[in-house]
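>>> got a structure for you, letters missing:
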């Protein structure tokens, strides 16, 4: 005799996984007490890029036209740079960052500017009332914009309104407040986030509407919700920097329409976020007078060469184990540099506290800045200041050698443009171009760079 078919199932309110029996722990995501009983859903609606009820049809790649994929400028050069040249039609962009860092300010300014240029834009606020958005627009001096505003959290109502007015650009602020009434769980849960983002992605691709999602972050700085959220969108951009500082950095970590690791630099003013056209001068504003422990270097962020100041402080340790504190650089990388200085540079700092940071709140992951950090530590330990308008570029190997770095020409050109005429480079590094006005100092090993630094004490 056949076993009767069960007419109920158990869905996890966190991940959406389906189980035939109830259990205290979800077998899919491991969440406790998250299984909710519901009737078995025999048929589920078909969703895809072919439409709600139709299926996509295969066709030759060469037959697909790209003439209608011209990017839409945001009228903000730093934002355009971060996005890879502007907003691509049908793209889905996710912007994350700490509370109060400027996410809503940036999207409201952008939409107001684009609306003034004749672009139909819809701003959906799920966290603020219409009056609050109006007051913020007055502070940003964009209150007279033709921007359309909708204060709503129901995804069905948001999509109905979007289909009615057919905007060219849609902003959801924020995705964690949006929910679908047919799904279990509260707004911001894993199931709601995944399904709402999927519906918005399908809407964006099928209509060509540019959709921007503002996302909350966790205490670790990651986008709140499932990791699949970042896989579904086309572009992921994070705001960096201290919200108590006036400068903000918007960094792209994923971009299907441009290069990754591009950054945009903004300044928070009384009128909102303003683009910083020459960010190198911002990060070097306190580096005019050289002091022991300060060395200038150059890193590559996307297609941009960016000068910054590496600072270090070495002091006698009052603890059994010396402290190593890093800000703006990888702590593990700092540990390696300290070991190299001890073994190959002749700088005895094993029993000293070492503090290293990047001025201006910049985060640098470029190994081509190893030499500058090592010289900053040695400079502070030896009490020797680097000469004015000098700069160091180079990667350190585990054998104490100074290795060449990528895009050396771009780095040297940017340093020369800002008035740096003495540059320490790897011995195997090649610089193509006019270097007649530059003093290039080639070093092949770390101890060569330390010996050069010691000659500056004798020169004084």
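Nice, thanks for sending it over. These figures come from a predicted structure and were not determined experimentally. Residues are numbered from 1 along each chain as shown.
>>> could you pull out the helices for this protein?
77-83, 103-116, 130-139, 155-165, 190-207, 228-232, 279-283, 331-343, 370-382, 408-417, 446-459 (DSSP state H).
>>> out of those, which is the most enclosed?
Highest mean neighbour count of the helices of the chain: helix 370-382, a mean of 26 (counted as mean count of other CB atoms under 10 Å). Every residue, glycine included, has its C-beta placed from N, CA and C.
>>> and that one with helix 446-459, angle?
Here helix 370-382 runs at an angle of 40 degrees relative to helix 446-459 (axes from the mean of the first three to the mean of the last three CA atoms, to 10 degrees).
>>> now render the helices of the chain as a markdown table, adding mean pLDDT and distance to residue 301.
Shown next, in a markdown table, are these (pLDDT from 0 to 100; distance: least, CB to CB, whole Å):
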| stretch | mean pLDDT | distance to residue 301 |
| --- | --- | --- |
| helix 77-83 | 91 | 10 |
| helix 103-116 | 92 | 18 |
| helix 130-139 | 92 | 30 |
| helix 155-165 | 95 | 35 |
| helix 190-207 | 91 | 28 |
| helix 228-232 | 87 | 20 |
| helix 279-283 | 80 | 9 |
| helix 331-343 | 95 | 17 |
| helix 370-382 | 95 | 16 |
| helix 408-417 | 89 | 11 |
| helix 446-459 | 86 | 24 |
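>>> out of those, nearest to residue 248?
Of all the helices of the chain, it is helix 103-116 that lies closest to residue 248, at 8.5 Å by CB to CB.
>>> contacts for that closest one, please.
For helix 103-116, contacts defined as CB atoms under 8 Å, 6 or more residues apart in numbering pick out 72, 74-76, 79, 95-97, 121, 123, 128, 133, 136-137, 140, 142, 145-148, 169, 171, 173-174, 212, 214, 239, 250, 266, 268, 272-273.
>>> and the residues you listed, which are buried?
72, 74, 76, 79, 95-97, 121, 123, 133, 136-137, 140, 142, 145, 147-148, 169, 171, 173-174, 212, 214, 239, 250, 266, 268, 272-273 (16 or more other CB atoms under 10 Å).
>>> for the lengthiest strand in the chain, packing partners?
Looking across the chain with DSSP state E, the single longest strand is strand 304-316. Using 3 or more CB pairs under 8 Å, 6 or more residues apart in numbering; DSSP states H and E, the elements in contact with strand 304-316 are helix 279-283, strand 294-301, strand 352-358, helix 370-382, helix 408-417.
>>> from the chain's centroid, how far away is the first one?
Right, helix 279-283. The chain centroid and the centroid of helix 279-283 are separated by 18 Å under CA atoms, centre = their mean, to the nearest Å.
>>> equivalent analysis for the fourth one, please.
In terms of CA atoms, centre = their mean, the gap separating the centre of helix 370-382 from the centre of its chain is 28 Å.
>>> tell me what angle that helix forms with strand 294-301.
170 degrees.
>>> what of the last one?
An angle of 130 degrees separates the directions of helix 408-417 and strand 294-301 when computed by the same axes, to 10 degrees.
>>> touching helix 408-417 from outside, list them.
Contacts for helix 408-417 (CB under 8 Å, 6+ apart): 280, 298, 300, 305-307, 368, 391, 393, 405, 423, 425, 429-433, 435, 437-438, 440.
>>> ChimeraX command to pick out the buried ones of those residues?
Typed into ChimeraX, the line below selects the buried ones among the contacts of helix 408-417, using 16+ other CB under 10 Å:
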select :280,298,300,305,306,307,368,391,393,405,423,425,429,431,438
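>>> and residue 56, what pLDDT?
pLDDT, residue 56: 65.
>>> same deal with the one 4 residues further on?
For residue 60, the model assigns a pLDDT of 89.
>>> number of nearby residues for it?
Look at residue 60: counted by other CB atoms under 10 Å, it has 6 neighbours.
>>> cool, and the one 5 residues further on?
Taking other CB under 10 Å as the neighbour definition, residue 65 ends up with a count of 6.
>>> thanks again, I'm all set now.
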